[in-house]
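>>> One predicted model, sequence on top.
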Amino acid sequence: MQVKPLADRVVVKPFEDAEQMKGGIIIPDTAKEKPMQGEVIEIGPGRTNEDGKKTPLEVKKGDKILYGKYSGTEVEISGQEYLIMRESDIFAIIQESK
């Protein structure tokens, strides 16, 4: 199944945190912190301004990003968890140092 976000929305695949055990206790999924990093999987065409022109998004497919803890809407597509959020919910693009 393919999902094409509308306007200035993006589809993000959150990075999976490795399951952590502290003192032999397994932390349940409901108590774990949500990851605030992910990869942009799909982008919308951009927001339409007052002149009727599209403003392109700054992020692109494949970008690794930082976003707010409670940003976006969680959706499941083909058994995989994704977030759909507005570009304005993205704080930064992570750039690999060379």
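Looks like it arrived, so ask away.
>>> Run through the bridge partners of the residue minimising distance to the centre of the chain.
Nearest to the geometric centre of the chain sits Val12, at 2.9 Å (C-alpha atoms, centre = their mean). Per DSSP bridges, the residues bridged to Val12 are Val40, Leu83.
>>> for it, what are its contacts?
Residues near Val12 by C-beta atoms under 8 Å, 6 or more residues apart in numbering: Gly38, Glu39, Val40, Ile41, Ile65, Tyr67, Gly72, Tyr82, Leu83, Ile84, Met85. (Each C-beta comes from the backbone N, C-alpha and C, glycine too.)
>>> again, only this time at 6 Å
For Val12, the contacting residues are Gly38, Val40, Leu83, by C-beta atoms under 6 Å, 6 or more residues apart in numbering.
>>> Just the closest of those residues to Val3, please.
Closest approach to Val3 among the contacts of Val12 (C-beta to C-beta): Leu83, at 11.6 Å.
>>> Isn't the closest one up against Gly72?
Yes: contact status for Leu83 versus Gly72: in contact at 3.6 Å, counting by C-beta atoms under 6 Å.
>>> got the contact list for the residue nearest to Ser88 when sequence neighbours are not counted?
Once flanking residues are discounted, Ser88 sits nearest to Asp8: 7.2 Å by C-beta to C-beta, 6 or more residues apart in numbering. Applying C-beta under 6 Å, 6+ apart, we find Asp8 in contact with Gly44, Arg47, Arg86, Glu87.
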